[in-house]
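1. Take a look and give me a structure for this.
(2 chains)
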Protein chains: 2
Amino acid sequence: MDTTRFLTPQAARQQKGLGELDSLVQCGWDLLGEEVALPVALLSRSALQNNLRWMRDFSLASDVSLAPHGKTSMSPELFQMQLEAGCWGLSLATAQQLVAASQSGVSRVMLANQLVGKRNMQLVADQIREGLECYCFVDCLDNLKTLDGFFTHQGLSMNVLVEIGVPGGRCGVRRADQANTLCRAIGQFPSLKLRGLAFYEGVIHGDPAEQQIAGFVEQNRQLLLELLEQDYFAPGEVLISGAGSAWYDLVVRHLDPATLPGRIRVLLRPGCYLIHDTGIYAEAQQQVRQRSTLACDIQGDLISSLTLWAYVQSVPEPGMAVIGMGKRDVAFDAGLPAPVLHHRPGRAAPVPAQPGWRLVRIMDQHAMLECGAEADLQVGDMLSFSTSHPCLTMDKWRYLGIVDDDFRIRQLIQTYF
Amino acid sequence: MDTTRFLTPQAARQQKGLGELDSLVQCGWDLLGEEVALPVALLSRSALQNNLRWMRDFSLASDVSLAPHGKTSMSPELFQMQLEAGCWGLSLATAQQLVAASQSGVSRVMLANQLVGKRNMQLVADQIREGLECYCFVDCLDNLKTLDGFFTHQGLSMNVLVEIGVPGGRCGVRRADQANTLCRAIGQFPSLKLRGLAFYEGVIHGDPAEQQIAGFVEQNRQLLLELLEQDYFAPGEVLISGAGSAWYDLVVRHLDPATLPGRIRVLLRPGCYLIHDTGIYAEAQQQVRQRSTLACDIQGDLISSLTLWAYVQSVPEPGMAVIGMGKRDVAFDAGLPAPVLHHRPGRAAPVPAQPGWRLVRIMDQHAMLECGAEADLQVGDMLSFSTSHPCLTMDKWRYLGIVDDDFRIRQLIQTYF
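-> Numbers count the residues shown, from 1 in each chain, chains lettered A, B, ... in the order given. Here you go, the predicted model:
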């Protein structure tokens, strides 16, 4: 088997045929037998399947729809899994991401941002012309005018959601009267269709955040009902969209579809549930379960699916191992990776990493493991690490392997950052 | 002109022909006329040429050779520029990077790390078999044994440099006697050729670092002379290699080739001089000039060549602009990007960003600009930003544009992370 094909993304150059992934499904490379180059990023197939199932069950139990944020993975293969698990569509952050998703077969997307810039608008317009169902956020009159000018000229229309923000937060109008004015204005722009409201509660970090977020979602609910009464929305379904991966239970609690008019669809945009982690999102999920009976009633829980495997690169002094993995390979902005398994090539199976081992520093291409002077670690040993903040690990890799529980790589997936 | 080809790296998917860059040279897209999608990463052609010339002049004046660290850019087009400017070869950090460089036409590489792992060794061996001249570092007997076993079995030989480290630093033996033992041992491994010593002074952060680094380089010089006397090196040229982008003047001062035997080549491995920045490397270069008459005697100075262009994405409240650029686009581990130019599409030319504007926070896809309540900034305005730490911006992009001083994109270059 030609394992030079799986050099890791870094060396795609000579892999002219690597785009044809069908032939690589069931490749079966043996990780523990050193059939792949390290460092490498792997996703557990069973964990991915578990997470798809868990979030689908949650959305069904709460009667909401999912437009998972595709920016986390930017992987067509994972997009496809999410759509097959019943997601309404995908959210994206930029015009370029939207194009990549659309070109990979996603037919309905939410651009969870204003669409800004002539070339960016053209990219999106071209996808709409090819059949993409597209929505974007708006938060100011200037953008409405520019959008309408552009899409009118293109002979196309654009579905917009007015974004509601919070003072000191990120994008979005700050007050209900601004939202009202904007919604009224949209009616004057023939190419724009007002399809709903959007928000992102994840920028609220007050103490207690929970109450503030609950209040914010509640305000948005009230605003939605008022706007419905004023008949500002285009005919048909009306969307209200919020929720990252940390507070989706609260959003669902305060936007219970059973208490809303029938034409409203509640649309969540979590990005990280599919890959998950053992860091900030594991902690957020633990808090979801503390707050939400609904979440606890769903069988099982989300599981971290992403691991990095790297070699012990040097053991230059007692108690310190240099690992061949760095900022080039893994997220480091929300806690360093945590050692999980230790494998010495030639042995039958990996063993758990020692509890005291931990990364204390990370450089571009190396990380320093504090391991105690007596650690049985030698150059050439393999270590696996779990991560925190999947978005900033995924964007380091052009190819990731999907592994079965036997540590054989069964499939390669691509990313399009 | 088909500008959908230059979506930014994120959407390479549909750009099946984008690998054929020859046809894109002289593309001429007008940045200020919004002919490219933002955010985008651009390199100034004149700054690149200046930096190539400056470092070439420095290396000629100090009679040392350059093996620039390719891990910074991982761009074949930039590698080619460096080789054409007279560099001895390129340094790389991993086997995968080495393959990418070799496959892109680099014929002499320094793997500035131990070569660890069966598959990684096979990747390197395959390149050597195709004609690559390859060197790697070693710092322990275990690695020597494994390397020799592997390369003997392959019927190949490997050039090695013993790496000297510092206590609490990164890789490398800590003491001269360890280096001596290792050098002696190498003679017992028929497939391994001892070609010199290597070190990396950039891990020394003491106060004063300068004296400590000077002492470390001086020790390595003494060790080299002792090892030469003991005749441990393979016949021919002997390499001593150190120096990242921050302390190369000190390395050169304490390893002046004029004071060393003729068979010694001093090889510097700076990674960041070509792209440079306005952050940590600008500061380091300022210190180089304070320490080094030689550096001051070279005409001009290094210039930051890399800028990110992004749109004002939202101006949701007075004094705050949300920029359509985030951790997905630019390094954030050594200071946030700094606003440089402000352009409103339709105007003739960009103007300098206001002195008070600064990024105060960065998220995955957004950054928050503090700009004062009276700032003349609106959604759709374009801002350029200079950066700190080029390595962690370069690895966010699969394609970068080379711009002339007229803000037209003249060429696309690729990266292979």
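2. Name the residues of the stretch 51-200 of chain A found near chain B, please.
-> Neighbours of chain B within the stretch 51-200 of chain A, by CB under 8 Å from any CB of the partner chain: A:71, A:74, A:76, A:93-97, A:99-100, A:103-104, A:113-114, A:116-120, A:122-123, A:126, A:139-140, A:142-143, A:146, A:165, A:167-174. Yep, even glycine has a C-beta here, placed from its N, CA and C like the rest.
3. Can you flag the buried ones in those residues?
-> Neighbour counting by 16 or more other CB atoms under 10 Å in any protein chain shown classes A:71, A:74, A:76, A:93-97, A:99-100, A:103-104, A:113-114, A:116-120, A:122-123, A:139-140, A:143, A:146, A:165, A:169-174 among these as buried.
4. So which of those residues sit within helices?
-> Using DSSP state H, A:76, A:95-97, A:99-100, A:103, A:118-120, A:122-123, A:143, A:146 are the members of those that sit in helices.
5. which two of those lie the greatest distance from each other?
-> A:76 and A:146 (30.4 Å; CB to CB).
6. any low-confidence regions in chain A?
-> Scanning chain A for pLDDT under 70 picks out the ranges A:1-27.
7. Look through it and tell me its longest helix.
-> The single longest helix within chain A, with elements called by DSSP H, is helix A:209-229.
8. any residue of that one up close to chain B?
-> No. Applying CB under 8 Å from any CB, one finds helix A:209-229 separated from chain B by no less than 14.5 Å.
9. Packing partners of that helix?
-> Packing partners of helix A:209-229 (3 or more CB pairs under 8 Å, 6 or more residues apart in numbering or on different chains; DSSP states H and E): strand A:158-164, helix A:176-186, strand A:192-199, strand A:238-242, helix A:248-254.
10. could I get these as TSV with mean neighbour count and distance to residue A:414?
-> Formatted as TSV, the helices and strands packed on helix A:209-229 follow (neighbours: other CB atoms under 10 Å in any protein chain shown; distance: least, CB to CB, whole Å):
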stretch	mean neighbour count	distance to residue A:414
strand A:158-164	26	29
helix A:176-186	18	38
strand A:192-199	24	29
strand A:238-242	24	27
helix A:248-254	23	28
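11. Out of those, the one nearest residue A:347 is which?
-> Of the helices and strands packed on helix A:209-229, nearest to residue A:347 by CB to CB is helix A:248-254, at 41.8 Å.
12. List the contacts of the helix or strand just after the closest one.
-> Counting by DSSP states H and E, the element after helix A:248-254 in chain order, helix or strand, is strand A:264-268. Residues from elsewhere that reach strand A:264-268 (CB atoms under 8 Å, 6 or more residues apart in numbering or on different chains): A:59, A:63-67, A:88, A:110, A:196, A:224, A:228, A:237-243, A:248, A:251-252, A:255, A:257, A:260.
13. what's the angle between strand A:264-268 and strand A:158-164?
-> Put simply, strand A:264-268 runs at 70 degrees to strand A:158-164, going by axes from the mean of the first three to the mean of the last three CA atoms, to 10 degrees.
14. strands paired with strand A:264-268, and their directions?
-> Sheet pairing here is set by DSSP bridges, and for strand A:264-268 it gives strand A:65-66 (parallel), strand A:238-242 (parallel).
15. looking at those, which is closest to residue B:373?
-> strand A:238-242 (28.6 Å).
16. For that closest one, which outside residues touch it?
-> Contacts to strand A:238-242, defined as CB under 8 Å, 6+ apart, come from residues A:67, A:110, A:112, A:135, A:161, A:195-201, A:217, A:220-221, A:224, A:228, A:251, A:255, A:260, A:263-269.
17. Chain B contacts on the stretch 201-350 of chain A?
-> For the stretch 201-350 of chain A, the residues in contact with chain B (CB under 8 Å from any CB) are A:311-317, A:322, A:324, A:327-328, A:332-333, A:345.
18. and those residues, which two are the farthest apart?
-> Checking these with CB to CB, the most distant pair is A:333 and A:345, at 31.8 Å.
19. Which strand residues bridge residue A:321?
-> As for beta bridges, residue A:321 partners with residue A:369 under DSSP bridges.
20. distance of it from chain B?
-> Separation of residue A:321 from chain B (CB to the nearest CB, to the nearest Å) stands at 10 Å.
21. What is the neighbour count of that residue?
-> By other CB atoms under 10 Å in any protein chain shown, the residues close to residue A:321 number 25.
22. cool, and the one 10 residues further on?
-> A total of 26 residues lie near residue A:331 under the criterion other CB under 10 Å.
23. Make sure it is indeed in a strand.
-> No. Going by DSSP: H, G, I helix; E, B strand; the rest coil, the assignment for residue A:331 is coil, not a strand.
24. At which residues are the helices of the stretch 301-417 of chain A located?
-> Along the stretch 301-417 of chain A, counting by DSSP state H, counting those that start in this stretch, helices occupy A:391-394.
25. all strands of it, in order?
-> Secondary structure of the stretch 301-417 of chain A (DSSP state E, counting those that start in this stretch): strands located at A:306-317, A:319-323, A:338-343, A:351-352, A:358-362, A:367-372, A:382-386, A:399-403, A:408-414.
26. As CSV, those strands with distance to residue B:411 would be great.
-> Formatted as CSV, these follow (distance: least, CB to CB, whole Å):
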stretch, distance to residue B:411
strand A:306-317, 34
strand A:319-323, 37
strand A:338-343, 42
strand A:351-352, 50
strand A:358-362, 33
strand A:367-372, 35
strand A:382-386, 38
strand A:399-403, 27
strand A:408-414, 26
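27. give me every residue that touches residue A:102.
-> For residue A:102, the contact set (CB under 8 Å, 6+ apart) comprises A:109, A:127, A:130, A:132.
28. just checking, the last one touches residue A:110?
-> Put plainly, it is residue A:132. No. Checked against CB atoms under 8 Å, the pair residue A:132 and residue A:110 is beyond contact range at 11.3 Å.
29. Of these two, which one has the most company?
-> Taking other CB under 10 Å, residue A:132 and residue A:110 do not tie; residue A:110 has more neighbours (28 against 20).
30. Find the helix or strand that the more buried one is a member of.
-> strand A:108-111.
31. same for that strand, what does it pack against?
-> With contacts defined as 3+ CB pairs under 8 Å, 6+ apart, strand A:108-111 has these neighbours: strand A:90-92, helix A:95-103, strand A:133-138.
32. circling back to that earlier point, quick one, which of the helices and strands packed on helix A:209-229 is nearest to residue A:290?
-> With CB to CB, the closest approach to residue A:290 among these belongs to helix A:248-254: 9.6 Å.
33. who touches the closest one?
-> A:58, A:62, A:64, A:201, A:210, A:213-214, A:217-218, A:221, A:242-243, A:266, A:268, A:270, A:288, A:291-292, A:294-295.
34. just the buried members of those residues?
-> By 16+ other CB under 10 Å, these give A:58, A:62, A:64, A:201, A:213-214, A:217, A:221, A:242-243, A:266, A:268, A:270, A:288, A:292, A:294-295 as buried.
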